[in-house]
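In: sequence plus the predicted model coming up.
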Amino acid sequence: MIDKNEWQALKDHQQCIAAIHMQQWFDENPDRFRHFSIQTENILFDYSKNRITAETIQLLCQLARALNLKEKIDSLFAGKLLNSTEKKPALHTALRNQKNHPVYVHGKDVMPDVNSVLEKMRTLVEKIHQQKWLGHTGKPIRDIINIGIGGSYLGSRMATHALSDFAKSNLRCHFISNIDSAHLHEVLNQIDPERALFIISSKSFTTLETMTNAKTIRLWLQQKLNSTQLSSHFLAVTANAKKAEEFGIPQEQIFPMWEWVGGRYSVWSAVGLPLAILIGMENFSEFLAGAHAMDNHFLHADFENNMPVIMALLGIWYINFFDAKSHAIIPYTHHLNYFQEHLQQADMESNGKNISHHGNEVNYATGPIIWGEQGCNGQHAFHQLLHQGKHLVPVDFILVAKSAKTFGPHHEILVASGLSQAQALLQGKSYQSAFGELIAEGFSTDDAAFLASHKTIPGNRPSNTLFVNEMTPYNLGSLLALYEHKIFVQGAIWNINSFDQWGVELGKQLLPKILNNLKNSENSSTENPSISQDGSTQGLIEHFKKIRDISCEK
Ligand code: F6P
């Protein structure tokens, strides 16, 4: 546990209220919804369906204050070296700093650089929209293909899908992230090579999947267009301009990103170029503005009325005091179909840590498993577990009030579905109610008694509901920034570094030896005793080779 009186107070409080059913609090206080919701200009956050009382919120905010959260929030925006192991700031907020006030990194105001990249993006976007950016054979660009993975993919993938209603009609976005050739074939079969613009997006410009894909695609294009002079078909977004130039990208086609922005927080930078091209710079600026509005709310609202802070503290409440292991994100809008995928990296790569800033193993739970699926699909997949499983899984339902395009009753059915799922998690169904229904359906008393236990639903399962006014660039920006700040607050409470990712290094280190093992033909377990693998890995390598080397006679 965190050695604070406020933490102990929360443990004691949890003991006091854990057995109370939330429905009781709604019955006692008709005003509960108003007491436990926060509204900004574009998002309503209803957190009344949580296992909390006013005292709970008070104790959680006391914990936040005892852990100097406000000072940590100010440090984030001020560019302090919060990424303590890499000695870097985490200044994704500077990328959307619409007020343009100076933000200093190592004594230098970074805003001129941020603005010059935005201008460079604007110039490119306008050229493409005016069909002045031509491919090698003189045709205007139509297919934008982002080659990148992780933070160099998930954010722009999510946002281009979410804001597809704002897309310029003649442009199409594609994403190649995985090294699996099947993924490459799937995309390359959809595009016109003469009208393709490939964006190699990689902060390091060394990521194996991305660089292998880029080299393969360059070869593919050379064969398709029968030329090696194809620079007009490639851009780079990277913090490693040297590597990009070595790849053959002209300097003027390299869009810089910076070491002071983490990959999973970089969609606001030139990593968001696919989005900017698809929806135009005015809409991209709106996306930034929405995030900036949430930044201001986060910076200035007192904790009790601070949406990211309360969302974060509620997560702490379940993870550290109810032992919840995961958190479900269930957007009742097809636009956010890739939102939980993006949050998986943003949250789990940030807070999936076991060591504190001071280098000691923490003795309390940290980042949850983030998962989910768009509603109504999840209802017909995993909601059974949410309603009757043994796990406590807090849920964020995300709904959109206004739908730009809807057929008949579809939108109302979608919204009603989300609201009814949240209500079912809250209310459940008692044994008596299930029994009465079965009797009314004509079941015998014995049958009804047997079935009723199976049809009883415990309820008292917490959820938040976020109601976004409508899916616009501005509102998506606010929503994404809300979650970024929630993740930051949780990391700050847990005293962990939310901005490094040392855990992903080992897999990268082990790969070359296994790859080499796979590539060489002889049976490596004897001829190459130097290649020592554990028995499982060795056995699997040999199985792979045996099956691979069987001629494809079938
Ligand atoms: O998963 C590890 C990671 O470094 C992520 O943090 C990052 O978003 C991704 O790989 C891609 O890295 P790059 O942008 O350098 O290719």
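Out: Great, that's in hand.

In: what number of residues lie near the closest residue to the ligand within the stretch 451-554 of the chain?
Out: Nearest to the ligand, among the residues of the stretch 451-554 of the chain, is residue 504, at 4.3 Å (C-beta to the nearest ligand atom). In short, each C-beta sits where N, CA and C put it, glycine included. Using other C-beta atoms under 10 Å, residue 504 has 11 neighbouring residues.

In: what sits against it?
Out: Residue 504 sits next to residue 349 when contact means C-beta atoms under 8 Å, 6 or more residues apart in numbering.

In: assign a three-state SS to it, would you?
Out: helix (DSSP: H, G, I helix; E, B strand; the rest coil).

In: for residue 143, name its beta-bridge partners.
Out: Per DSSP bridges, the residues bridged to residue 143 are residue 172, residue 196.

In: please renumber so the chain begins at 38
Out: OK, 38 is where the count begins now, so the last one is residue 180.

In: in the chain, which spans are strands?
Out: Assigned by DSSP state E, the strands in the chain fall at 74-76, 80-83, 141-142, 145-146, 180-184, 209-213, 233-238, 271-275, 291-293, 363-368, 406-409, 432-439, 500-507.

In: gap between the last one and the chain center?
Out: It stands for strand 500-507. Here strand 500-507 is found 17 Å from its chain centre; the criterion is C-alpha atoms, centre = their mean, to the nearest Å.

In: cool, and stretch 66-86?
Out: Offset of stretch 66-86 from its chain centre (C-alpha atoms, centre = their mean): 24 Å.

In: in space, what's closest to the residue nearest in space to the middle of the chain - neighbours in sequence excluded?
Out: Nearest to the mean C-alpha position of the chain, by C-alpha atoms, centre = their mean, lies residue 380 at 1.8 Å. Using C-beta to C-beta, 6 or more residues apart in numbering and skipping residues adjacent in sequence, the residue nearest residue 380 is residue 407, 5.3 Å away.

In: do you know the pLDDT at that neighbour?
Out: pLDDT for residue 407: 98.

In: any idea how far residue 292 is from it?
Out: For residue 407, the distance to residue 292 (C-beta to C-beta, to the nearest Å) stands at 29 Å.

In: neighbours around the closest residue to residue 171 other than its chain neighbours, how many?
Out: Nearest residue to residue 171, sequence neighbours excluded (C-beta to C-beta, 6+ apart): residue 177, at 5.9 Å. Residue 177 has 17 neighbours, counted by other C-beta under 10 Å.

In: again, but for residue 204
Out: Number of residues near residue 204 (other C-beta under 10 Å) recorded here: 17.

In: hang on, isn't it packed against residue 315?
Out: Yes - with contact defined as C-beta atoms under 8 Å, residue 204 and residue 315 form a contacting pair (4.9 Å).

In: anything in contact with each of those two?
Out: Counting by C-beta under 8 Å, 6+ apart, the contacts common to residue 204 and residue 315 are 197, 210.

In: circling back: pretty sure the residue nearest to residue 171 contacts residue 208?
Out: No - the criterion here is C-beta under 8 Å, and residue 177 misses it with residue 208 at 10.0 Å.

In: what do the two both touch?
Out: residue 165.

In: what parts of the stretch 38-187 of the chain come near the ligand?
Out: Applying C-beta under 6 Å from any ligand atom, we find that the stretch 38-187 of the chain lies next to the ligand at 186, 187.

In: could I get the full set of helices for the stretch 38-187 of the chain?
Out: Here the stretch 38-187 of the chain has its helices, by DSSP state H, counting those that start in this stretch, at 42-54, 59-65, 69-72, 91-103, 106-115, 148-166.

In: would JSON lines of those with mean neighbour count be doable?
Out: Below are these laid out as JSON lines (neighbours: other C-beta atoms under 10 Å):
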{"stretch": "helix 42-54", "mean neighbour count": "15"}
{"stretch": "helix 59-65", "mean neighbour count": "14"}
{"stretch": "helix 69-72", "mean neighbour count": "14"}
{"stretch": "helix 91-103", "mean neighbour count": "18"}
{"stretch": "helix 106-115", "mean neighbour count": "17"}
{"stretch": "helix 148-166", "mean neighbour count": "16"}
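
In: what's the spacing between residue 428 and the ligand?
Out: Residue 428 sits 27 Å away from the ligand when distances are taken as C-beta to the nearest ligand atom, to the nearest Å.

In: got a list of what that residue touches?
Out: Residues in contact with residue 428 (C-beta under 8 Å, 6+ apart) are 361, 362, 363, 422.

In: which residue, other than its chain neighbours, is closest to the first one?
Out: Same thing as residue 361. Closest residue to residue 361 apart from its sequence neighbours, by C-beta to C-beta, 6+ apart: residue 355 at 3.9 Å.

In: try the second one
Out: On the basis of C-beta to C-beta, 6+ apart, the spatially nearest residue to residue 362 that is not a chain neighbour turns out to be residue 406, at 6.0 Å.

In: how about the third one?
Out: The shortest distance from residue 363 to any non-neighbouring residue, by C-beta to C-beta, 6+ apart, is to residue 406 (3.8 Å).
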